[in-house]
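Q: Build me a model:
(2 chains)
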Amino acid sequence: MSHPDTSGAVYICDIPSERPWSRVLEQGQTLRIIDSEGQQAVDALLYGAEDKSERYSSQDTLRVQGSAYIELGTRLISNKGRVMARITADTCGRHDTSAGCCSCESNAVRFGEATKFQHACRENFILELSKHGLTKRDIVSNLNFFMNVPIDPSGKFTVVDGISAPGNYVDVTAEMDVLFVISNCPQVNNPCNGFNPTPIRVVVRDAPGL
Amino acid sequence: MSQTQQQIEANRRRYEELRAAGQELTPKGLPEPTALNGAPISPDAVLQKEHVPPGWYTTMRLRRGEALRIVDDTGRSSVSLIGWREEDTSERINCADTVKVQWSAAIGKGRVILSDMGRVFVSLIEDSSGAHDLLVGGSTPASALAAFGTATRNTQENFLAAASKLGLDVRDISPCVTFFAPVSLDEAGRFGWREGRKRPGDFVDLRAEMNIIIVASNCPHPLDPARPAASAPVTLIKHRAAAARVDDPCRTGSAEAARAFVFTDRLFA
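A: Okay, here's the model as predicted:
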C-alpha cells in the first residue's frame, strides 16, 4: 500500500473495499481520493449541500468540456449549469463519466443472471443516499475515478484495465458546498478493479490560507 | 471479499469472451440501416400523429408493442428523448447502461435502449440514420445562450416542463438520447459534428418493450453548428408494431440484448 503525503488534512478515512462513503465538502475544500492499491474504480456522485435537486450531470460536464474524459482541469457541472467542483490534481490521467455505475440488474444483463446477487455500486449509492433523504430516483450518471473506458471514433466502448498505480490520486476542489458520495466499486466481472476490489483512502483539506 | 487467483482468471476469461462477441461478432450481424422509403406505415396502424415545432416538446404514452416513429422531415432537426416506465417512474432510460452493455456508443437499427433496471425500454426496429448521441446530451439555457446570443427555448427546460405536467420533477430527468445528432469523437476524445450525415426524411422507429411515457424535445443539438438555428418541425407517429418475436433481430442481436428481453418479458408474464 502506498500513500502520498497527508499533511494538513482535516479528515482522513480509509474506505474498505466494496463500501460506500459520503461527506459534505465546503466550498474551497479539496477531497483527495487515493487509489491505495491501484486499479480501483471509485464511483462518485455530487449533490448541492443546500439544494439536493442540484446534482452532478455527466452530459453537461462533457458538453461544457467538449471532450469525453475526466482529467486535470475538468469542471464538474451540475444539472443547473453551475460548476460544482474542479479536478485540481491528477496523478492517474484518465477517468470516466459515461459508463455509469454497476447494478445488480445491469450485471445480470452483462454477465448472466448468476451475477445478479453480487454487491454493486447502485446498492451502495442507495444505502448511502438514504442517509441524506435521497433515493434511487436521485441517482444520476456518475463519475468513475480511476476507471479506464476508452471510446473509439467508431463508438466502440470498452472498460479496459485501469492505469492507476498504487498511491495514484485525484484532487477534487469544491466550488460550492457539495454532498460528495462514493461507492468503492465492488465489481468483480470486469477489469475496472483488476477483478479484485481493494480499499481506497479519502483525505479532505481546507482551502489554502484558511 | 478478496478474489482468488482462480476466480480472477475465470472472470477475466469470461469478460474477454463477452467483449469479443460484443465488439467483433455482434456488429457483423446488425441489420443495415432502413432505406428512407423502406418502412412505410400502413394508415390502419397509425394511432396518433403530431408535428412538433422547433423549440418545443411533446409527451406520449406507448403501450408495450406500440412504436414511435420520429421523422426529421427537413434533415435539420435533432430530437432529444427521455422516458419512464408508466407503472413505476423511478425506472427510466439509462444511457450509460445502454452503451456499456452493448459495448458501443453508436446506437442504430437492431440495438436497444435500456432502462436502469436491466430491461429493454425501447428497441430501434427501424433507423435510416444511425447518427445518434448518448454522450453529450441536449441543449440547456446556458448552451443555447452561448450558441445563439439570446435566451431561447432549450431541451433542459422542455424536459422540466414536461416532467412537471406528469407530476415529476427535476429529479426525474435523466441523461437523454438525441436522435439525428451526428456527434463524432476523435482519437483524443474531442467531440465534433459530422457534416453530411443528416438527410431530409431520416427516421427512427422505437418499439416500446414496456408501457412507457416519453418526452421528445425538438431543439438544436448543442454541437449543431447551424447559425441561426435551422431546426424545423418534426413529425411523431405512434403506430402499432408487431411484438418482438423470439427471432426479432433486436432480441437476438447479442447475448446481452437477449437477457434484457427475458427480464423485460417477466414484467408481463
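
Q: ok so B:Ile8 is a helix residue?
A: Yes: using DSSP: H, G, I helix; E, B strand; the rest coil, the assignment for B:Ile8 is a helix.

Q: Can you get me a residue count around it?
A: 15 (other Cβ atoms under 10 Å in any protein chain shown). C-beta: built from backbone N, CA, C; applies to glycine.

Q: residues in contact with it?
A: Shown in contact with B:Ile8 (Cβ atoms under 8 Å, 6 or more residues apart in numbering or on different chains): A:Gly194, A:Phe195, A:Asn196.

Q: Give me the buried stretch members for the helix or strand hosting B:Ala258, please.
A: Using DSSP states H and E, B:Ala258 maps to helix B:255-265. Buried residues in helix B:255-265, counted by 16 or more other Cβ atoms under 10 Å in any protein chain shown: B:Ala255, B:Glu256, B:Ala257, B:Arg259, B:Ala260, B:Phe261, B:Phe263, B:Thr264, B:Asp265.

Q: can you narrow those residues to ones near chain A?
A: Near chain A, judged by Cβ under 8 Å from any Cβ of the partner chain, the entries from those are B:Glu256, B:Arg259, B:Ala260, B:Phe263.

Q: And the pLDDT at the residue nearest the centre of chain B?
A: Closest residue to the average C-alpha location of chain B: B:Val177 at 4.6 Å, with Cα atoms, centre = their mean. Listed pLDDT for B:Val177 reads 98.

Q: before we move on, back to that, can you pick out the most distant pair from the ones next to chain A among the buried residues of helix B:255-265?
A: B:Glu256 and B:Phe263 (10.9 Å; Cβ to Cβ).

Q: Now for the two: what residues contact both?
A: Counting by Cβ under 8 Å, 6+ apart, the shared contacts of B:Glu256 and B:Phe263 are A:Val109.

Q: give me every residue that touches A:Arg19.
A: A:Asn124, A:Asn184.

Q: And it, how far from chain B?
A: Separation of A:Arg19 from chain B (Cβ to the nearest Cβ, to the nearest Å) stands at 12 Å.

Q: That residue and B:Glu50: what is the separation?
A: 48 Å (Cβ to Cβ, to the nearest Å).

Q: Give me the phi and psi angles of the closest residue to A:Ala174 other than its chain neighbours.
A: The shortest distance from A:Ala174 to any residue other than its chain neighbours is 4.1 Å, reached at A:Leu25 (Cβ to Cβ, 6 or more residues apart in numbering or on different chains). Phi and psi for A:Leu25, reported as degrees, to the nearest 10, are phi -100, psi 130.

Q: do the same with A:Phe180
A: According to degrees, to the nearest 10, A:Phe180 has phi -110, psi 120.

Q: The nearest residue to B:Arg85 once chain neighbours are set aside: neighbour count?
A: For B:Arg85, ignoring the flanking residues on the chain, the nearest one in space by Cβ to Cβ, 6+ apart is B:Glu91 at 4.0 Å. B:Glu91 has 23 neighbours, counted by other Cβ under 10 Å.

Q: who's in contact with the strand or helix carrying B:Glu91?
A: Following DSSP H and E, one finds B:Glu91 within strand B:88-92. Outside strand B:88-92, the residues that touch it by Cβ under 8 Å, 6+ apart are A:135-137, B:82-85, B:115-117, B:119, B:121, B:166, B:168, B:172, B:174, B:213.

Q: what do you get for stretch B:184-193?
A: By Cβ under 8 Å, 6+ apart, stretch B:184-193 touches A:62, A:66-69, A:151-153, A:155, B:105, B:135-136, B:182-183, B:194, B:221, B:223-225.

Q: one step back: export the ones next to chain A among the buried residues of helix B:255-265 as CSV, with columns for pLDDT and distance to A:Val109.
A: Shown next, in CSV, are those (pLDDT from 0 to 100; distance: Cβ to Cβ, whole Å):
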residue, pLDDT, distance to A:Val109
B:Glu256, 97, 5
B:Arg259, 98, 5
B:Ala260, 98, 5
B:Phe263, 98, 7
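
Q: Which of the residues you listed sits closest to A:Arg205?
A: Of these, the one sitting nearest to A:Arg205 (Cβ to Cβ) turns out to be B:Glu256, at 42.5 Å.

Q: what's near enough to touch the residue lying closest to the closest one once chain neighbours are set aside?
A: In space, and not counting its chain neighbours, B:Glu256 is closest to B:Val101: 5.0 Å by Cβ to Cβ, 6+ apart. Contact partners of B:Val101, counting by Cβ under 8 Å, 6+ apart, are A:Ser106, A:Val109, A:Arg110, B:Leu114, B:Glu256, B:Ala260.

Q: now do B:Cys176
A: So B:Cys176 contacts A:Gln59, B:Ser80, B:Leu81, B:Ile82, B:Ile93, B:Cys95, B:Gly137, B:Gly138, B:Thr155, B:Phe159, B:Ser217 (Cβ under 8 Å, 6+ apart).

Q: let's go with 10 Å and repeat that
A: Residues in contact with B:Cys176 (Cβ atoms under 10 Å, 6 or more residues apart in numbering or on different chains) are A:59, B:79-83, B:93, B:95, B:133-134, B:136-138, B:155-156, B:159, B:215-217.

Q: How about A:Cys192?
A: A:Cys192 neighbours (Cβ under 10 Å, 6+ apart): A:39-43, A:96, A:99, A:102, A:144, A:146-149, A:159-162, A:185.
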